[in-house]
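J.: What shape does this take:
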Amino acid sequence: MTEREKMIAQMDYQPWDEELAGDRKKAKKLCREYNLMAFEDEARRKEVLKELFRRKTDAHIEPNFWCDYGYNITLGKGFYANHNLTILDCARVIIGDNVLCAPNVQIYTAAHPLDPVTRRSGMEFAREIRIGNDVWIGGGAIILPGVSVGDNVVIGAGSVVTKDIPANVVVGGNPARIIKRWEDQ
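T.: Numbering: from 1, shown residues only. Okay, here's the model as predicted:
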């Protein structure tokens, strides 16, 4: 099994493997091109995102945008991200329709072992993140590995999402906790 296959399977993997390093280099090059591109060149911007994600998308992403691989990201229809979105997509990141990201949102699938000896070996692991439909992620929010976010969720600015969030709630804080349910209105 290759290191790439291990990474995608959410097993421990060596990120400095030649294939993975090459994949990251290609993604960073595409992100840099996207970030430096004239805003008016919408056709080329769409082409770069298609090459990065390996599928067509109607996403509108304001620069700067950074990701590790691109090919592990699936964006639903009507996705919008304001400036400085970062997605560490070592595992799959599946985002539903009509999701809005405020500036400086960070979505991290990658993690490192807690044990210092194992961590020193360079091994890492990644856990898939799923975000439902009609979600609004506030500015500076961070979503950590393995989290699932339900439909119709609002994540407050500056929140750190460490565990799954059910549908139809507003969460906020560090760690994020439910502060309102839609039926509470």
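
J.: wait, isn't H112 in contact with S121?
T.: No: taking CB atoms under 8 Å as the definition, H112 is not a contact partner of S121, at 10.1 Å. Bear in mind the C-beta positions are built from the backbone N, C-alpha and C, glycine included.

J.: nearest spatial neighbour of L75, skipping sequence neighbours?
T.: In space, L75 comes closest to A59 once its chain neighbours are excluded; the distance is 4.7 Å by CB to CB, 6 or more residues apart in numbering.

J.: check contacts around that neighbour.
T.: When contacts are counted by CB atoms under 8 Å, 6 or more residues apart in numbering, A59 is found next to L49, L75, F79, Y80, A81.

J.: Show me what the strand or helix carrying V170 pairs with in its sheet, parallel or antiparallel.
T.: According to DSSP states H and E, V170 maps onto strand 169-172. Using DSSP bridges, the strands paired with strand 169-172 are strand 154-155 (parallel), strand 177-181 (antiparallel).

J.: Averaged pLDDT, stretch 3-21. What do you get?
T.: Averaged across stretch 3-21, pLDDT comes to 96.

J.: just the CA coordinates of the lowest-mean-pLDDT helix or strand in the chain, formatted as CSV?
T.: Of all helical and strand segments in the chain, the minimum by mean pLDDT, DSSP states H and E falls on helix 116-120, at a mean of 91. The C-alpha coordinates for helix 116-120 follow below in CSV (Å, rounded to 0.1, in the frame of the first residue of the first chain):
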residue,chain,number,x,y,z
PRO,A,116,6.6,12.5,21.2
VAL,A,117,8.7,9.5,20.0
THR,A,118,6.1,8.5,17.4
ARG,A,119,5.7,12.2,16.4
ARG,A,120,9.4,12.5,16.0
